[in-house]
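J.: sequence and predicted structure are below.
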Amino acid sequence: MRIGITGHRGLPSDVEDQVRRDLAEAISSYGLEGVVGVSCIADGPDSWFAEAVVERGGRLEVVIPAEEYREGLPDWHHQTYDALLGRASDVHRTGLAQSDSQAHMAGSELLVGLADQLWAVWDGQPARGYGGTADVVAYARRVGVPVRIFWPDGAQRG
């Protein structure tokens, strides 16, 4: 099973804890080495999912939306990003240079195209900017990729 991930960044710690547990449990249900995770490995759900896939013996493929993508991520996340990138069995690139909303959406479209299913850590609300989680979910649905939503009951975005 090839599973792509998208989701809100900057979630409160209680929501993060629940989402991490939910993702790990869902991945574990596929059995040892049952999952190929496809992720842009940004801070938040992208990297939590990627870590859970690798920890459970799955394979990780990374999508890099733009050559400047890493520099646009928080400095505190670079070590995790680099470690996950080093664990990737395949790396896919959009070929774009500037890390902007268009590149992020292009990366997400590439990710969806590589996946049998998209998992979305999504509150069901519209995207706060082009290329946000809602846009990725809408794109996946439009092209016929099944979407599984992860959102804790009563949770609020930060």
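T.: Here it is on my side, so go on. Fair warning: this is a prediction, and the values are worked out from it, not measured in the lab.

J.: and residue 76, how many neighbours?
T.: Residues lying near residue 76 (other CB atoms under 10 Å) number 8. C-beta: built from backbone N, CA, C; applies to glycine.

J.: how about the nearest residue to it, chain neighbours excluded?
T.: Closest residue to residue 76 apart from its sequence neighbours, by CB to CB, 6 or more residues apart in numbering: residue 43 at 7.9 Å.

J.: from what I see, the one you found and residue 74 are in contact.
T.: Yes: when contacts are counted by CB atoms under 8 Å, residue 43 is listed as touching residue 74 (5.7 Å).

J.: who has more neighbours, these two?
T.: Using other CB under 10 Å as the criterion, residue 43 and residue 74 rank with residue 43 on top: 16 against 11.

J.: name the residues that touch stretch 138-155?
T.: Applying CB atoms under 8 Å, 6 or more residues apart in numbering, the contact partners of stretch 138-155 are 4, 7, 11-12, 14-15, 18-19, 22-23, 26, 45, 105, 108-109, 112-113, 115-124, 137.

J.: export the longest helix seen in the chain to PDB, keeping only CA atoms.
T.: Identified as the longest helix of the chain according to DSSP state H is helix 13-28. Output in PDB follows, covering the C-alpha atoms of helix 13-28 (Å, rounded to 0.1, in the frame of the first residue of the first chain):
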ATOM      1  CA  SER A  13       0.700  19.600  21.600                       C
ATOM      2  CA  ASP A  14      -2.400  17.700  22.700                       C
ATOM      3  CA  VAL A  15      -3.600  17.400  19.100                       C
ATOM      4  CA  GLU A  16      -0.100  16.400  18.000                       C
ATOM      5  CA  ASP A  17       0.100  13.700  20.600                       C
ATOM      6  CA  GLN A  18      -3.300  12.200  19.500                       C
ATOM      7  CA  VAL A  19      -2.500  12.500  15.800                       C
ATOM      8  CA  ARG A  20       0.900  10.800  16.300                       C
ATOM      9  CA  ARG A  21      -0.800   7.900  18.100                       C
ATOM     10  CA  ASP A  22      -3.600   7.600  15.400                       C
ATOM     11  CA  LEU A  23      -1.100   7.600  12.500                       C
ATOM     12  CA  ALA A  24       1.200   5.000  14.200                       C
ATOM     13  CA  GLU A  25      -1.800   2.800  15.000                       C
ATOM     14  CA  ALA A  26      -3.100   3.100  11.400                       C
ATOM     15  CA  ILE A  27       0.300   2.300   9.900                       C
ATOM     16  CA  SER A  28       0.700  -0.700  12.300                       C
END
